[in-house]
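Undergrad: dropping a prediction and its sequence here:
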Amino acid sequence: MLNLKAQPLTPEAFEDFGEVIDTRVAKSFPINGGRTQRFHDLARVEALGDGARPMISIFVSQPVTIPLEVEGLERHPLGSQAFIPMHGERFVVVVAPPGERIEPESVRAFVTDGGQGVNYRAGTWHAIHSVLDQEGEFLVVDRGGPGNNCDEHPLKVLVTLD
Ligand SMILES: NC(=O)N[C@@H](O)C(=O)O
Ligand code: NI
């Protein structure tokens, strides 16, 4: 069993796994005559393989308890997957770099601050969506289309918070 204390999520710490989606640290420019600020191109949506397309879903998730017992990680080899909180919800992120095997020393745990979303790069191993505190509603952008897009890898991780 891996024991990990979740670290605060930062773009730098997450760069091997994908992007952090956060208007507070993103470049932006005015559009619509100045009525709108566009935070542009915050993450790359990947939808790979014949017949693939990006799709938008909404996840309403019940909160997890801490310490969080993770039984395994999963990956989506054919596409990215983004989770964006719709009401400032915090969530736990457990990730490992893409690859056929998961090296235990490469596994990382993060906790978001409510103002952050994540986009997992295609193939990034991750724990399933784990919202904290209360029921959460998340905008999810990932890949639709034929073929298997979810591989699972058993891995026991116990995640604590500060
Ligand atoms: N299965 C599903 O759509 N969600 C998972 O991929 C997840 O990362 O929560
Ligand atoms: Ni997933």
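TA: Looks like it arrived, so ask away. Ligands and ions are numbered 1, 2, ... in the order given.
Undergrad: tell me where this structure has helices.
TA: Along the chain, the stretches classed as helices by DSSP state H are 11-14.
Undergrad: list the residues that contact Leu42.
TA: For Leu42, the contacting residues are 19, 21-22, 26, 119, by CB atoms under 8 Å, 6 or more residues apart in numbering. Glycine gets a C-beta too; all of them are placed from N, C-alpha and C.
Undergrad: quick check, nearest of the residues you listed to ligand 1?
TA: Closest approach to ligand 1 among those (CB to the nearest ligand atom): Asn119, at 11.6 Å.
Undergrad: neighbours of the closest one, how many?
TA: Look at Asn119: counted by other CB atoms under 10 Å, it has 23 neighbours.
Undergrad: what of Phe83?
TA: Neighbours of Phe83 using other CB under 10 Å come to 26.
Undergrad: who touches it in this structure?
TA: So Phe83 contacts 59, 91, 117-118, 129, 138-140 (CB under 8 Å, 6+ apart).
Undergrad: ok, of the contacts of Leu42, which come out buried?
TA: Among the contacts of Leu42, those classed as buried by 16 or more other CB atoms under 10 Å are 19, 21-22, 119.
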